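1. Quick one, structure for this:
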Amino acid sequence: MGSLGAILKHPDDFYPLMKLKMAARRAEKNIPPEPHWGFCYSMLHKVSRSFALVIQQLDTELRNAVCIFYLVLRALDTVEDDTSIATEVKVPILMAFHRHIYDRDWHFSCGTKEYKVLMDEFHHVSTAFSELGRGYQEAIEDITMRMGAGMAKFICKEVETIDDYDEYCHYVAGLVGLGLSKLFHASGSEDLASDSLSNSMGLFLQKTNIIRDYLEDINEIPKSRMFWPRQIWSKYVNKLEDLKCKENSVKAVECLNDMVTNALIHVEDCLTYMSALRDPSIFRFCAIPQIMAIGTLALCYNNIEVFRGVVKMRRGLTAKVIDRTKTMSDVYGAFFDFSCMLKSKVNKSDPNATKALSRLEAIQKICRESGTLNKRKSYVIKSEPRYNSTLVFVLFIILAILFAYLSANRPSNM
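-> Next up, the predicted model:
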């Protein structure tokens, strides 16, 4: 539900948070009874609670396909991310992973915590995969093969140039966009989107994650694996890890702003992709993460905290995005608001200020020309209202009642 302090500071977060909490509880209760499907959906909640919620937007058949697609790629990613696996062992597994999904006996022990469970009991995923329609299976196999080959390539290759950066992001995320477009088309709900637009959908999300996760990735044990391109960071520091040193704070923020400016180049394609979607459930599934990405970039831009700790949207704002994203006008409104927030943080002395402002103005122009901004529910840029002590007290009582209710209805572990 978020901390009480955060809710009191943002009282209008309360209702969306309550709805999100209830939706999460419903999703956790609606785990399929079959052991293999039960494992897959339970694992989905463990490896990505936010994705598990977003996926609920989809109809059952497509939801099952997307669930398995996500878990297969999460397993592939677990192999790639495990820096304790020797290269000569890792590369063949990545290259052959698309064949392993047909083998109900295959598993490989790696990763930690829930990811290790996923890998140790991968036969459940393979069993569920075997029950998908042939069109879904072919799409998942094709993307897994291409992604595994791309990951294997970058095991032995550093991200030097911006072209390398785009290529790596294509393999690990752009291909996810292509795969989802194939699954949407296989379901009969959507036309097949172009590869370039699908790729941009993935690249925008992946670049946002790479920017946000700088500190976590650079501090990874036993060794870090970083994907900020040397072509960008070498303009500011001699070594990538130097960005987290306090004496380099000014240069670190300039480098960060350079990275955010690079990510913004994909926004126009993303808006074009989403505007062509016809199915409301598929639209929400695609739109919510994209709004979260532009919101995260707005928070990260010009923010030294990226190099000090965790920067992410507050849970209440996330709940609002999930609750209020229903139509393309909501998307245009959110992108316009977050781009305004980002634009207000651009320092004219920043070396990439002109480029950043140009890209933000292009985004805002698209949003304005949609003719829907006057219909939006603005939840990003507005002054916080002041609430009197009576309202705060009432909110506190409601929260107490809600928590008591949830506690009383929580299943016993006995």
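2. ok now do Met313, which residues does it touch?
-> Residues near Met313 by Cβ atoms under 8 Å, 6 or more residues apart in numbering: 292, 295-296, 299, 321. In this view, the C-beta of every residue, glycine as well, is placed from N, C-alpha and C.
3. from those, which two are the most distant?
-> Leu299 and Val321 (13.0 Å; Cβ to Cβ).
4. higher neighbour count, the two?
-> Val321 (23 against 20; other Cβ atoms under 10 Å).
5. Could you tell me how far stretch 200-208 lies from the centre of the chain?
-> Relative to its chain's centre, stretch 200-208 lies at 8 Å (Cα atoms, centre = their mean, to the nearest Å).
6. So what touches that stretch?
-> 166, 169-170, 172-178, 180, 259, 262-263, 266-267, 269-270, 273, 286, 289-290, 293, 296-297, 300.
7. Could I have the ChimeraX command that selects the buried members from these?
-> Applying 16 or more other Cβ atoms under 10 Å to the contacts of stretch 200-208 leaves a buried subset, and the ChimeraX line that selects it is:
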select :166,169,170,172,173,174,175,176,177,178,180,259,262,263,266,267,269,270,273,286,289,290,293,296,297,300
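8. so of the contacts of stretch 200-208, which ones are in helices?
-> Judged by DSSP state H, the contacts of stretch 200-208 include 166, 169, 175-178, 180, 259, 262-263, 267, 269-270, 273, 286, 289-290, 293, 296-297, 300 as members of helices.
9. tell me the pLDDT at the nearest residue to Leu71 once chain neighbours are set aside?
-> Sequence neighbours aside, Val125 is the residue nearest to Leu71 in space, at 5.1 Å (criterion: Cβ to Cβ, 6 or more residues apart in numbering). Turning to Val125, the model gives it a pLDDT of 98.
10. Now Val125: which helix or strand?
-> Assessed by DSSP states H and E, Val125 sits inside helix 123-130.
11. so what does that helix touch, helix or strand wise?
-> With contacts defined as 3 or more Cβ pairs under 8 Å, 6 or more residues apart in numbering; DSSP states H and E, the packing partners of helix 123-130 are helix 35-47, helix 60-81.
12. ok and that helix relative to helix 35-47, angle-wise?
-> 110 degrees (axes from the mean of the first three to the mean of the last three Cα atoms, to 10 degrees).
13. In which helix or strand does the closest residue to Ala293 other than its chain neighbours reside?
-> Spatial nearest neighbour of Ala293, chain neighbours left out: Thr208 (4.2 Å); criterion: Cβ to Cβ, 6+ apart. Assessed by DSSP H and E, Thr208 sits inside helix 195-212.
14. can you pull the contacts of Ala353?
-> 346-347.
15. could you measure it against Gln231, distance?
-> 19 Å (Cβ to Cβ, to the nearest Å).
16. How about Cys300?
-> Distance from Cys300 to Gln231, by Cβ to Cβ: 20 Å.
17. do the same with Met151
-> Computed as Cβ to Cβ, the Met151 to Gln231 distance reads 21 Å.
18. same deal with Glu247?
-> Counting by Cβ to Cβ, the gap from Glu247 to Gln231 is 23 Å.
19. Likewise for Lys113?
-> To Gln231, Lys113 is 35 Å away according to Cβ to Cβ.
20. where does the stretch 1-150 of the chain dip in pLDDT?
-> The stretch 1-150 of the chain contains residues with pLDDT under 70 at 1-11, 13-15, 24, 27-29.
21. re earlier: past the helix holding Val125, which element shows up next along the chain?
-> Downstream of helix 123-130 (by DSSP H and E), the next one is helix 134-155.
22. Now that next one: buried residues?
-> 136-137, 139-141, 143-148, 150-152, 154.
23. now stretch 102-112
-> 107-108, 110-111.
24. go on, stretch 349-369?
-> 350, 352, 355-357, 359-360, 363-364, 366-367.
25. Equivalent analysis for stretch 33-40, please.
-> Those would be 36-37, 39-40, for stretch 33-40 by 16+ other Cβ under 10 Å.
26. Alpha carbons of it, as PDB, please.
-> Extracted in PDB, the C-alpha atoms of stretch 33-40 (Å, rounded to 0.1, in the frame of the first residue of the first chain):
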ATOM      1  CA  PRO A  33      -4.800 -25.400 -10.500                       C
ATOM      2  CA  GLU A  34      -2.600 -27.400 -13.000                       C
ATOM      3  CA  PRO A  35       0.900 -27.800 -11.400                       C
ATOM      4  CA  HIS A  36       2.800 -26.500 -14.400                       C
ATOM      5  CA  TRP A  37       0.600 -23.500 -14.900                       C
ATOM      6  CA  GLY A  38       0.400 -22.900 -11.200                       C
ATOM      7  CA  PHE A  39       4.200 -22.900 -11.100                       C
ATOM      8  CA  CYS A  40       4.500 -20.500 -14.000                       C
END
